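In: dropping a prediction and its sequence here:
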Amino acid sequence: MLTNHDDIKAWLDGMNIENYTINQSGIVTVDGNVDISRKGLLKIPVQFGSVSGDFYCGFNHLTSLDGSPRNVGGDFHCSCNRLTTLNGSPREVGGEFNCRNNRLKSLNGSPRNVGGGFYCSFNRLSSLHGSPQEVGGDFNCSGNSFKTIPNCDTTINGQLFWY
């Protein structure tokens, strides 16, 4: 994890991230979107605090969500990585949360609340334990190892897709 202010700034500028501030602790706040997808990243090398727009880190080689923002105003996409856990993911996501096509065996570490849809299809899930408390849209967990309708304690304002 980068901690030097100049190193953080150089990385953010190299990723074409704009409208950011870096506090004394090295935590990055972004007023707008962050798109670090398809960059060949093995990890997120800076600690994001809050992103007002969308945060895209999909199609990398991430094995951890360490460094992800704590709050995302828009969508959060971490699909098509090598994640086995959602630890480090945002606690609150205003839009949709997409963690499809990873290696997840559990949803522990999921955001508490997702304003839009929650998409965890094509992982290695056998239960929905650890899923968000509330999902504002559809909850799609198809393409996993479910034999019957999975038990889900999440309040879903859309539909549950599991088959």
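Out: That came in fine, so what should we check first?
In: and the helix or strand of the chain with the lowest mean pLDDT, which strands flank it?
Out: In the chain, no helix or strand scores lower on mean pLDDT, DSSP states H and E than strand 160-161, which sits at a mean of 82. Here strand 160-161 has these sheet partners by DSSP bridges: strand 139-140 (parallel).
In: which is the next helix or strand following the strand it pairs with?
Out: As assigned by DSSP states H and E, the chain's next helix or strand after strand 139-140 is strand 155-156.
In: packing partners of that next one?
Out: Contacts defined by 3 or more Cβ pairs under 8 Å, 6 or more residues apart in numbering; DSSP states H and E place strand 155-156 against strand 134-135. All C-beta atoms are positioned from the backbone trio N, CA, C, and that covers glycine.
In: where does this protein dip in pLDDT?
Out: 163 (pLDDT under 70).
In: picking that back up, need the residues that contact the least confident helix or strand of the chain.
Out: With contact meaning Cβ atoms under 8 Å, 6 or more residues apart in numbering, strand 160-161 is reached by Ser121, Asp138, Phe139, Asn140, Cys141, Ser142, Ile149, Cys152.
In: show me which of those residues are buried.
Out: Neighbour-count burial (16 or more other Cβ atoms under 10 Å) applied to the contacts of strand 160-161 gives Ser121, Asp138, Phe139, Asn140, Cys141, Cys152.
In: and the helices in this protein?
Out: Applying DSSP state H to the chain gives helices spanning 5-14.
In: show me what contacts the nearest residue to Gly88 once chain neighbours are set aside?
Out: Taking Cβ to Cβ, 6 or more residues apart in numbering, and ignoring the residues beside it in sequence, Gly88 has Leu65 as its nearest neighbour in space, at 3.5 Å. Leu65 makes contact with Ile44, Cys57, Cys78, Leu83, Thr85, Leu86, Asn87, Gly88, Ser89, Gly109, according to Cβ under 8 Å, 6+ apart.
In: which one of these is nearest to Ile22?
Out: Ile44 (14.7 Å; Cβ to Cβ).
In: now do the contacts for the closest residue to the closest one other than its chain neighbours.
Out: Take Ile44 and drop its neighbours on the chain: the residue closest to it by Cβ to Cβ, 6+ apart is Gly67, 3.1 Å away. Shown in contact with Gly67 (Cβ under 8 Å, 6+ apart): Met1, Lys43, Ile44, Pro45, Val46, Gln47, Phe48, Gly88.
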